[in-house]
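Student: what follows is a predicted structure for the sequence shown.
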Amino acid sequence: MAKIKVEVEINATVDKVWDVVSDIDNEPKFWKGTKEIKNISKEGNTVNREVTIAFRDQKCLQEVKMYPKEKIEAKFTKGIISGEKTISLIPKDEKTILYASWDIKLTGMMGMFTGMIKKHIKSGTEQAMQSIKEEIER
């Protein structure tokens, strides 16, 4: 499994940060590895969706659980990626620590490339977190 952890301090309240990160349909704006999102169903705080990722335009299914103003868990349920991405918000005075953690692997024969994509995903996550920070602090 590839374990990736990235955090950024944002000069804004949890409420303001949540307003941006909880708009999960807007994910491709910040996350360049996510090309397209198609929601399949929504029940309460859980969204099932199809995600087209930049890696060979592969489609993955995700179950996304929202814990308002606390975290978003995206579990990959089918496709080339197996595992989970979690985005957490940690209040710190008038600021917010935005924390992303991945615990994933590539499935099937692609599994041997998990180590190679780890660096790519970490870099994409750092870029996404910076873009989110810039959007909020504007």
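Tutor: In hand now; what should we look at?
Student: who does the residue nearest the centre of the chain bridge with?
Tutor: Nearest to the geometric centre of the chain sits residue 85, at 5.4 Å (CA atoms, centre = their mean). Residue 85 has these beta-bridge partners by DSSP bridges: residue 74, residue 102.
Student: what's near enough to touch it?
Tutor: 73, 74, 76, 100, 101, 102, 104 (CB atoms under 8 Å, 6 or more residues apart in numbering). No exception for glycine: its C-beta is placed from N, CA and C like everyone else's.
Student: with respect to residue 129, which of the residues you listed is nearest?
Tutor: Nearest to residue 129 out of these is residue 100 (CB to CB; 6.2 Å).
Student: the host helix or strand of that closest one: how far from the chain's middle?
Tutor: Per DSSP states H and E, residue 100 falls inside strand 95-106. Relative to the chain's own centre, strand 95-106 is displaced by 7 Å; criterion: CA atoms, centre = their mean, to the nearest Å.
Student: and the following helix or strand past it, which residues are buried?
Tutor: Toward the C-terminus, strand 95-106 is succeeded by helix 114-137 as the next helix or strand (DSSP H and E). In terms of neighbour count (16 or more other CB atoms under 10 Å), helix 114-137 has its buried residues at 114, 117, 118, 121, 122, 124, 125, 128, 129, 132, 133, 136.
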